[in-house]
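Engineer: the following block contains a protein sequence and its predicted model.
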Amino acid sequence: MPANWSYVIAAYGIAAVALFGYWRHLARRARALAARPRAAKARAA
Amino acid sequence: MTRALGWLAALGLLAGLAAGFGYAPREAVQGNVQRIMYLHVPSVLTAYLAFGLVLLGSIAYLATRRPGWDRLAGSAAEIGVLFTGVTIVSGSIWGKPTWGTWWTWDARLTSTAVLFCVYVGYLMLRGLIDDPEARGRYAAVVGILGAVNIPIVHFSVKWWRALHQPSTILGPEPSPIDPAIGLALFVNWVAFTLLFAYFLSRRIEIARLEEQT
C-alpha cells in the first residue's frame, strides 16, 4: 500500500480551513454585534 | 466559560493530532490513509450529537415556546451541517485511494448526503422567515422530521448491502479496533465534542444578541 500522505494532508487541510473559517466567522459576527450598541449610543450622543 | 471551552478544545485537537499521527500505529492494510479516520469518525459523531440537539430543542420549543430552545436548535443545526460537510469531504478523500472512487451512490454515502441537504434546507427555511415565533414553529417541525434520517444513516450499512464498512464502534459487537487506534480515535472524539461545545456556546450567544438588536 503506498503512503498516500497527499490524501491525508488534503483531508486534514480542508477540515482545518472549514473549522478555522467557521471560528473566524463567529468571532467577526460577535464583534459586529457587540459594536452595535456602542455605535447607537455614539449616534444618540 | 466559553473561553475555557475554546482553550480546552484547542488543547484537545493538538492531543488528537499527536495521538493520530504520533501514537497510533500505521494501519496494516490501508497504510497511512487510514489516519483520515481520526477526522472522519469524530466528525460524524459530532454531527449526530448536533442533530440530536436540534431534535431536543425542536420538541422542547413546540412544548414550551421558549425562544432559548429555538436558539439551541438553530445553532446546533448550523454546526451540525459544518461537521457533516467535513464528514462527507474527508470520507470522499479517504474513498479515492481505498475504494478507487471519490463518490458512489452507496446507502451510507447517499443517506449522509440526504442528511446534509435536509439540514441545509432547515437553515434556509430559518433564513426565509422573519417572524421569530413562526420561524421557530416551522423550523421545529423540520428539525423533528429531519432527525428521522439520523438512524437511517447510522444503520444503513446494516440494512442494505453497502460498499462502506459496517460500524466498528457504536455497533452491537465488541469493537475489533486495535487498542492504540481506539485510544487515538477516543481522544479525537473528545476533542471534537469540546470544539462542538465551544462553537455551540458562541453561536447561541450570537443568536441571543441578534434577537436583541
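Structural biologist: Ah, there it is.

Engineer: and the spatially most central residue of chain B, what does it touch?
Structural biologist: Centroid-nearest residue in chain B, with CA atoms, centre = their mean: B:A47, separated by 1.3 Å. For B:A47, the contact set (CB atoms under 8 Å, 6 or more residues apart in numbering or on different chains) comprises B:G80, B:F83, B:T84, B:T87, B:L115. Quick note: C-beta positions are derived from backbone N, CA and C, even for glycine.

Engineer: pLDDT averaged over the strand or helix carrying the fourth one, what's the number?
Structural biologist: Counting by DSSP states H and E, the element that carries B:T87 is helix B:67-99. Here the mean pLDDT over helix B:67-99 is 97, rounded to a whole number.

Engineer: quickly check: that helix near chain A or not.
Structural biologist: Yes: shown here: helix B:67-99 in contact with chain A (CB under 8 Å from any CB of the partner chain) through B:I79, B:L82, B:G85, B:V86, B:V89, B:S90, B:I93, B:W94, B:K96, B:P97.

Engineer: enumerate the residues of chain B near chain A.
Structural biologist: B:29-33, B:35-36, B:39-40, B:43, B:79, B:82, B:85-86, B:89-90, B:93-94, B:96-97, B:195, B:199, B:202-203, B:205-206, B:209-210, B:213.

Engineer: change it to 6 Å
Structural biologist: Within chain B, the positions near chain A by CB under 6 Å from any CB of the partner chain are B:31-33, B:35-36, B:39, B:82, B:86, B:89-90, B:93, B:97, B:202, B:206, B:209, B:213.

Engineer: how about the residues of chain A by chain B?
Structural biologist: A:1, A:3-5, A:7-8, A:10-11, A:14-15, A:18, A:22, A:26, A:29-30, A:33, A:36.
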